[in-house]
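Asker: For reference, the sequence and a predicted model appear below.
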Amino acid sequence: MKKETRLYNVLFPLWMLMLFPQAWLVVLPGNFIIDSVVLVVSMFALKMQEKKTFYKKTILKIFGIGILSDIIGSAYMLMMMVVFEAGSIELLLTVPALILSAVCIFLFNYYITFKQCDKSVRWKLALIFAVVTAPYTFLVPTPWLYGY
């Protein structure tokens, strides 16, 4: 008897975006807005100079890194589900994927986006983005979305 594999939370929101391409119209601008708000608030909190210039110089990198990091976390969940059939407890998939994505957000922003910043500011900005913009949607149980 073959064991059935379900992809509950796997690749949320990536799988949802493949099934419902129109969702990109909400997800991409939503992520861009969140990244923009976090960047602006962070710049004010850290009392940074030349905010407008810094925003223009970094926002697209921040946005791209966020999407890439979410895809890396999603790929981890897919690999665990498909290759290792580790799908019986969703938290064993989603929490490590969330942490992996957050670490990627931190490292990519620290070494790429904010590499021109002072080390103290660089560390703080990368940490803020890792914590605030991590893909917490991975933790949303699929039954909440579909009611099963």
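Answerer: Arrived safely. Residues are numbered from 1 along each chain as shown.
Asker: Assign a three-state SS to the nearest residue to residue 65 once chain neighbours are set aside, would you?
Answerer: Leaving aside its chain neighbours, residue 65 sits nearest to residue 108 (4.3 Å; criterion: C-beta to C-beta, 6 or more residues apart in numbering). Bear in mind the C-beta positions are built from the backbone N, C-alpha and C, glycine included. When classified by DSSP: H, G, I helix; E, B strand; the rest coil, residue 108 comes out as helix.
Asker: ok, residue 108 - contacts?
Answerer: Shown in contact with residue 108 (C-beta atoms under 8 Å, 6 or more residues apart in numbering): 65, 68-69.
Asker: go with 10 Å
Answerer: Neighbouring residues of residue 108 by C-beta atoms under 10 Å, 6 or more residues apart in numbering: 61-62, 64-66, 68-69, 72, 114, 126, 129-130.
Asker: For those residues, name the two members farthest from one another.
Answerer: 72 and 114 (19.1 Å; C-beta to C-beta).
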